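Asker: Please find the sequence and the predicted model below.
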Amino acid sequence: MDLALEEAESVEGIEKDGPPGGTGPGEKPRSLWSDAWHQLRRNPVFIISSLMILFLVIISIWPQLIASGDPLQCDLSKSQQGSSPGHPFGYDTQGCDVYTRTVYGARASITVGVCATFGAALLGSLLGGLAGFFGGWGDALLSRVADIFFGIPVVLGGLVFLSVVTSTTVWPVVGFIVLLGWPQIARIGRGSVITVKQNDYVQAARALGAGNGRMMLRHVAPNAIAPVIVVATIALGTYIALEATLSFLGVGLRPPTVSWGIDISNAASQIRNAPHMLLWPAGALSLTVLAFIMLGDAVRDALDPKLR
């Protein structure tokens with residue numbers, strides 16, 4: 001009798017106080033996204049990386065906030081000079097202010113990374129989602145086409161593809177990265193959709209007469225998009241590094257565009273005489289890539305229930 005009374009009191013206490021997760025009987029249960037946001041707000045890695053990315057986005061849009069000079073204004077009489085008042089990073093071979101060029105170089109890198117990631121994620125998730133949902137010959141065709149693109153070396157493909165392009169804008173580089181980046185997103189999206197469409201709530205919606213479009217938009221896509229977001233966030237940092245690599249090799253962004261890859265390429269031959277020319281743009285590139293990779297890891301930990 002005492003044992004039964006204690007169990008009844010414990011059950012009554014749970015009903016009053018609510019379950020340990022913090023969602024009582026009168027509260028709405030957390031969704032995957034609200035639970036992930038709840039965890040991200042308490043993750044120092046997410047906070048630090050978000051602040052770094054926010055700062056980079058601000059200076060890429062308004063670089064004049066922290067750099068008042070002109071990145072294309074150079075003075076050969078100051079070639080390779082070190083730090084001086086008002087010019088903390090010194091000058092490059094052409095006599096351009098390294099600090100100003102480092103600040104303005106964020107615009108090209110962030111633009112390429114964001115646009116290429118958005119394009120690859122949109123195209124890859126669309127094609128992969130449709131192939132995974134409908135299957136059949138379309139799924140087989142997409143898999144074989146993706147295998148072909150996976151077999152193309154990225155750097156070699158960039159040397160071949162971009163060497164015939166004469167444009168000095170960022171869009172040829174963005175297009176090339178999207179061209180080689182969508183198969184990875186498509187494969188992730190396809191696998192996620194195949195997993196989600198086998199769940200009971202999707203089968204129940206189909207049994208109730210829901211059409212393919214409604215099931216894709218209301219039931220499958222919201223529950224299958226999480227892995228795509230994680231992969232795309234991590235890939236953004238990789239795309240920024242790829243743009244710098246192609247610009248370093250002379251086939252990516254080209255002057256007069258200001259880019260960290262271009263500045264690193266110009267400074268590589270003078271690393272012994274003027275190491276400051278290489279240190280600052282390379283450091284800015286490394287911190288940017290690190291920030292996006294840290295953000296991707298934090299988002300992965302929050303969206304993957306197995307890692308909690």
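Answerer: Yep, that arrived.
Asker: where does the stretch 151-300 of the chain have low pLDDT?
Answerer: The stretch 151-300 of the chain contains no residues with pLDDT under 70.
Asker: can you list contacts of the helix or strand hosting residue 34?
Answerer: Element membership of residue 34 [criterion: DSSP states H and E] is helix 32-40. If you take Cβ atoms under 8 Å, 6 or more residues apart in numbering as the criterion, helix 32-40 is touched by 30, 46, 223, 226, 298, 299, 301, 302, 303, 308. Heads up, the C-betas are built off the backbone N, CA and C, glycines and all.
Asker: Which SSE is immediately downstream of it?
Answerer: Using DSSP H and E, the first helix or strand after helix 32-40 is helix 44-61.
Asker: tell me which residues in that next one are buried?
Answerer: Buried residues in helix 44-61, counted by 16 or more other Cβ atoms under 10 Å: 46, 49, 50, 52, 53, 56, 59, 60.
Asker: in the following helix or strand past it, what's buried?
Answerer: Past helix 44-61, further along toward the C-terminus, the next helix or strand under DSSP H and E is helix 98-134. With burial defined by 16+ other Cβ under 10 Å, the residues of helix 98-134 counted as buried are 98-117, 119-121, 123-125, 127-133.
Asker: next one: helix 98-134 to chain centre, how far?
Answerer: 7 Å (Cα atoms, centre = their mean, to the nearest Å).
Asker: just to revisit the earlier point, show me the contacts of helix 32-40 that map onto helices.
Answerer: With helices taken from DSSP state H, the overlap with the contacts of helix 32-40 comprises 46, 223, 226, 298, 299, 301, 302, 303.
Asker: Now distance to residue 194 too, for those, in TSV please.
Answerer: Shown next, in TSV, are these (distance: Cβ to Cβ, whole Å):
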residue	distance to residue 194
46	29
223	12
226	15
298	27
299	22
301	24
302	23
303	18
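Asker: Quick one, which of those residues are buried?
Answerer: 46, 223, 226, 298, 299, 301, 302, 303.
Asker: which two from these end up farthest apart in space?
Answerer: Among these, the pair separated by the greatest distance (Cβ to Cβ) is 46 and 223, at 22.2 Å.
Asker: hang on, the earlier thing: between the buried ones among the ones in helices among the contacts of helix 32-40, which sits nearest residue 207?
Answerer: residue 223 (17.8 Å).
Asker: shouldn't that closest one be in contact with residue 196?
Answerer: Yes - judged on Cβ atoms under 8 Å, residue 223 makes contact with residue 196 at a distance of 4.9 Å.
Asker: Any idea how many residues pack against residue 240?
Answerer: Using other Cβ atoms under 10 Å as the criterion, residue 240 is surrounded by 29 other residues.
Asker: actually residue 270, not the one I wrote
Answerer: Number of residues near residue 270 (other Cβ under 10 Å) recorded here: 16.
Asker: Let me have the contacts of helix 32-40 in a markdown table, extended by distance to residue 68.
Answerer: Listed next are those as a markdown table, based on distance: Cβ to Cβ, whole Å:
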| residue | distance to residue 68 |
| --- | --- |
| 30 | 47 |
| 46 | 33 |
| 223 | 49 |
| 226 | 43 |
| 298 | 35 |
| 299 | 36 |
| 301 | 40 |
| 302 | 39 |
| 303 | 41 |
| 308 | 47 |
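Asker: Determine which two of those residues are furthest apart.
Answerer: Checking these with Cβ to Cβ, the most distant pair is 46 and 223, at 22.2 Å.
Asker: From the chain's centre, how far out is the helix or strand hosting residue 156? Work that out for me.
Answerer: Of the helices and strands defined by DSSP H and E, residue 156 is found in helix 154-162. Helix 154-162 sits 21 Å away from the centroid of its parent chain (Cα atoms, centre = their mean).
Asker: Following element in sequence after it, please.
Answerer: With secondary structure assigned by DSSP H and E, helix 154-162 is succeeded by helix 171-196.
Asker: Could you measure from residue 223 over to residue 98?
Answerer: 48 Å (Cβ to Cβ, to the nearest Å).
Asker: let me fix that: residue 111
Answerer: 21 Å.
Asker: which residues does residue 186 contact?
Answerer: Taking Cβ under 8 Å, 6+ apart as the contact definition, residue 186 lies against 123, 124, 125, 127, 128, 131, 142, 146.
Asker: Next one: the residue nearest to it when sequence neighbours are not counted from residue 231, what distance?
Answerer: Counting by Cβ to Cβ, 6 or more residues apart in numbering, residue 186 lies nearest to residue 128, which is 3.5 Å off, once chain neighbours are set aside. Distance of residue 128 to residue 231, computed by Cβ to Cβ: 11 Å.
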